[in-house]
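Participant: Predicted model and sequence follow; I will ask about them next.
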Amino acid sequence: MARNAGGGSSRAGSSSGSAPPSSSAASSGAAAAAAASHTSHTAKQKKSAGFSLSANLILDKWKTMIGCVCLCIASYFGYLGYLETRVNTPFDHQKMVTSSGLEQPDRYWGTYRPLTYFGLKTRDPHSLVMGLMWYTPSNLGQGGHGIRHWCEQNDKLDSYGWTHHDGRSFGVQEIQDLPFELKTSFVKYPDGKPFGGDWTARISVRNTTRAWDKSISLIWYVALDERTLGHIKYVSDEKSPEPGVYGETNGLGDFQVRFHAVKGKILHKSYLSTVAPSLSKLKETVFAHFRAFSDKRGNRFIGLPGEIVSQNGLPSSNPEPNFIAIQITAEVDFTLDITYQSTTGYTVGESIPKPPTGRVYQDSLQAKIGEFERRFEDRFQLKQKGHSPEEIRFARNALSNMLGGIGYFYGSSRVQSVHTKNPVPYWKAPLYTAVPSRSFFPRGFLWDEGFHGLLISAWDVDIQLDIICHWFDLLNVEGWIPREQILGVEALAKVPEEFVTQRNSNANPPTFFLTLRKLLTSHRAELSQKGRLATLERLYPRVQAWFNWYNTTQKGEVLGSYLWRGRNATTQRELNPKSLSSGLDDYPRASHPTDKERHLDLRCWIALAASVMAELSTILGKDDAKYYETASYLTDNENLNRLHLAPYSEQYADWGLHTDQVMLKRPPALVPQHHHHQHQYQQQQQQEMVRVAGEEPTYQFVDAAFGYVSLFPLLLEQLDHDSPYLTKLLNDLRDPEQLWTNFGLRSLSKKSPLYMKRNTEHDPPYWRGPIWININYLAAKALHHYGKIDGPNAALAREIYAELRDNLVGNIFRQYQRSGYLWEQYDDTTGEGKGCNPFTGWTATVVLLMAEQY
């Protein structure tokens, strides 16, 4: 310290010269005080700086924490947004449909409007459409009642359906609308022309009774979809007295439609050229414009007024018509030919080849019919199997109705997931698919289509592969396909609002694995030709994702168990809550739905899917080990028995929270008080019936509901051929008090508590007794399979197979002869057709039963 002071005074002395001693001491003290003050100030500064640094660090930490929280919140909501979009995000892989529309000119035009009695369009998303309406003037009623257009059960036609249709180039249809018989047919003539070439359609009408009406009004229309780019115009002049329509669209180029009376007398002609509000309102548009006309002799006719460019009675903002209807009222017998002629590429005045009419058309149609019948016999060999000419004709009609019911749709489904507050639109896409019923279900259904494919592939492998491609282009990024496809305004108009939205938690039986198995086994040689294996290569990632979706989203709580999602666990209206996603709707499951349920049929479907995936992987050279392992585990009979074999009944069954003691009861009526003219009176209000349980449900096997679900280990051929439980199953299904009838296997045992019971007071039994042909086809196929394997069950399987096949074919044929239709289901007591008609969906697999092609 002294040295520091001395040093300081020395520096001070040297700078100030000589100083007295006392002054030097004072200076030294001041310096010491200054030094102390500086030290104290420095310490305070350091302390202050320490506090400031600490505060900054805390602030930085808070900023970091707030930033992290904001990032987490943003990520959370971003993830929620990502989850919301997954339901309507397409699967990210090469598209399945690589050529369509004009790239496949032989299938460009077709009868792709199955909901109409006779309609034509192209495989263009925004195709122009054409079609037929007809009515008897004396039978025309209020609101257009009596006009035939869309296939409607309420029309109560005696019968209608295709008798010949090859799915590509021609078709012939017969319609019985007494007293008239209408025949509609068409033949396509590509002839190397662009835009799919030309075609001729014929409508022939005759009176089959001669009892009353002598005239009929035929209406042929041409209409533009709301997004069709093009125009149409009505034409008729003295040089060409036949009326017609000229037009041009992006998908067709220039074209002409002409009308040629081949036979009979035309009584009156008229037309309508106007703006229709929608393709779903064409009949209403025609009816709204009907007028009364009189000819020179005073005969009165109902006709159309000509050019009316208005919409809903108001001037249209679009002066060009989108709808032209030409009506011809004729005396029967009458035949009209309608020709479609592509005129693109021809100059004015140049001679354009015309599609044939009259006798030339008839000759070309007969040639097509002969070719079809020869090919049909070659494919199915029914004559060689001893079937009668009437039975063969019936089988040809069944196949033709399947092919003639193939439609081409375009639009977007309405879908919803747990992550979307409201339904959202799927992406817009085309769908080329068969339909179960032209009258009641004229749209694509996922689980029906797998059965359709069994028959279609037997006729034309390429058509079936194209159908599969279109369906799998509807796969989303999750691996889900909506089970019901309601695409376009016409399809939407046929569906009640409550059934429109599809939910991505709900599955449907993956029956395309049935189709794929048939392709891989029965059509292996054809798959190796014409680049078809390349189609399967493109399909593989999609079908793999589809399988993974089932195997993860539908799995149960116990390893190896699965359950159908979508059952309503809170409803009190249903005797047994439906499982619509299973395809078996009201078939009895556990009475009280929970997530612990185990559904036997779904386990068997996924076992089938795994085995097909294994075989497909092997053929394509992919890694097949995991699929073989999954299939082996799920088809292992010990594992199956542990989860699904009821120990006392020794029958296969679902498992869940269940009681058989349930019934529908009506609650006491409500008695509200009403005031009227200051007087009180009571009026009872009847309440809807609700379910009442007679005991508390417990977790158990649902083995009192012996029926189709119980058969699934047999139906999908997953039981060991020497299993004693297979023996019991065969005996049980052969028991008339359980499933056996003279018409096929009923869906639910007569001994079941819910046999033929209503599910609500408004819903009659559906899968609780009636005979369904898709399941009976699987049963016959499985019996045929087990009958070929030597063992203790072979003889019994062969015996039951022969009897079941005869019962099914015989009854379906008799009901067709009686009613003119294939039916959705058949009565288990009388064999009579029930449900909707015509149902040429999976009921048409009767052709495969007749041919014994499994």
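Facilitator: That came through, no problem.

Participant: how near is residue 472 to residue 96?
Facilitator: 5 Å (CB to CB, to the nearest Å). All C-beta spots, glycine's among them, are computed from the backbone N, C-alpha and C.

Participant: shared neighbours of those two, which are they?
Facilitator: Residues touching both residue 472 and residue 96 (CB atoms under 8 Å, 6 or more residues apart in numbering): 539, 542.

Participant: and residue 266, bridged to which residues?
Facilitator: Bridge pairing for residue 266 (DSSP bridges) gives the partners residue 330.

Participant: My guess is it contacts residue 330. True?
Facilitator: Yes - contact status for residue 266 versus residue 330: in contact at 5.1 Å, counting by CB atoms under 8 Å.

Participant: Settle it for me: which of those two has more neighbours?
Facilitator: residue 330 (22 against 13; other CB atoms under 10 Å).

Participant: Once you drop chain neighbours, what's closest to residue 232?
Facilitator: residue 247 (3.9 Å; CB to CB, 6 or more residues apart in numbering).

Participant: distance between the helix or strand hosting the one you found and the chain's centre?
Facilitator: Residue 247 is part of strand 244-249, with elements assigned from DSSP states H and E. Averaging C-alpha positions (CA atoms, centre = their mean, to the nearest Å) puts strand 244-249 33 Å from its chain's average.

Participant: could you say what helices and strands it packs with?
Facilitator: Contact analysis of strand 244-249 by 3 or more CB pairs under 8 Å, 6 or more residues apart in numbering; DSSP states H and E lists strand 230-235, strand 253-274 as its packing neighbours.

Participant: Deepest in the core, which of these is it.
Facilitator: Of the helices and strands packed on strand 244-249, the one with the most neighbours on average (mean count of other CB atoms under 10 Å) is strand 253-274, at a mean of 19.

Participant: who does it touch, helix- and strand-wise?
Facilitator: Applying 3+ CB pairs under 8 Å, 6+ apart, one finds that strand 253-274 contacts strand 215-223, strand 230-235, strand 244-249, helix 282-288, strand 300-303, strand 305-308, strand 323-342.

Participant: Nearest to residue 396, out of the ones you listed?
Facilitator: strand 323-342 (23.6 Å; CB to CB).

Participant: Buried residues in the closest one, which are they?
Facilitator: Using 16 or more other CB atoms under 10 Å as the test for burial, strand 323-342 gives 323-330, 332, 334-342.

Participant: who's in contact with the residue nearest to residue 232?
Facilitator: Shown in contact with residue 247 (CB under 8 Å, 6+ apart): 128, 222, 230-233, 254-257.

Participant: Just the pLDDT for it.
Facilitator: pLDDT, residue 247: 94.

Participant: ditto for residue 491
Facilitator: For residue 491, the model assigns a pLDDT of 92.

Participant: Where does the prediction get shaky in the chain?
Facilitator: Flagging of the chain using pLDDT under 70 yields the residue ranges 1-53, 76-83, 211-212, 237-241, 310-318, 671-685.

Participant: just to revisit the earlier point, between the contacts of residue 247, which is closest to residue 770?
Facilitator: Taking these together and measuring to residue 770 by CB to CB, the closest member is residue 128, at 41.3 Å.

Participant: Run a quick neighbour tally on the spatially closest residue to residue 209 that is not a sequence neighbour.
Facilitator: Spatial nearest neighbour of residue 209, chain neighbours left out: residue 179 (4.2 Å); criterion: CB to CB, 6+ apart. For residue 179, the count of nearby residues is 17 (other CB under 10 Å).

Participant: Residue 179 reaches residue 208, doesn't it?
Facilitator: Yes - contact criterion CB under 8 Å: residue 179 and residue 208 qualify, at 6.0 Å.

Participant: Spit out the residues that contact the two alike.
Facilitator: The contact sets of residue 179 and residue 208 do not overlap (CB under 8 Å, 6+ apart).

Participant: how close does residue 174 sit to residue 808?
Facilitator: Counting by CB to CB - residue 174 and residue 808 are separated by 25 Å.

Participant: any idea how far residue 800 is from residue 597?
Facilitator: Distance of residue 800 to residue 597, given as CB to CB: 31 Å.

Participant: These two: which has the busier surroundings?
Facilitator: Applying other CB under 10 Å to residue 800 and residue 597 shows that residue 597 carries more neighbours, namely 25 against 22.

Participant: Settle this for me: the more buried one is touching residue 589, isn't it.
Facilitator: Yes - contact criterion CB under 8 Å: residue 597 and residue 589 qualify, at 7.1 Å.

Participant: So for the two, which residues contact both of them?
Facilitator: Common neighbours of residue 597 and residue 589, using CB under 8 Å, 6+ apart, are 654, 656.

Participant: Show the residue spans covered by the helices in the stretch 651-800 of the chain.
Facilitator: Along the stretch 651-800 of the chain, counting by DSSP state H, counting those that start in this stretch, helices occupy 712-715, 724-733, 773-787, 794-819.

Participant: now, of those, which is deepest in the fold?
Facilitator: Of the helices of the stretch 651-800 of the chain, helix 712-715 is the most buried (mean count of other CB under 10 Å), at a mean of 25.

Participant: Tell me the secondary structure of the spatially closest residue to residue 107 that is not a sequence neighbour, please.
Facilitator: Of all residues beyond its chain neighbours, the one nearest residue 107 is residue 168 (5.8 Å), with distances taken as CB to CB, 6+ apart. Taking DSSP: H, G, I helix; E, B strand; the rest coil as the rule, one finds residue 168 in the coil state.

Participant: From residue 341, how far off is residue 363?
Facilitator: Separation of residue 363 from residue 341 (CB to CB) stands at 19 Å.

Participant: And residue 269, by the same measure?
Facilitator: 20 Å.

Participant: Then residue 136?
Facilitator: Counting by CB to CB - residue 136 and residue 341 are separated by 31 Å.
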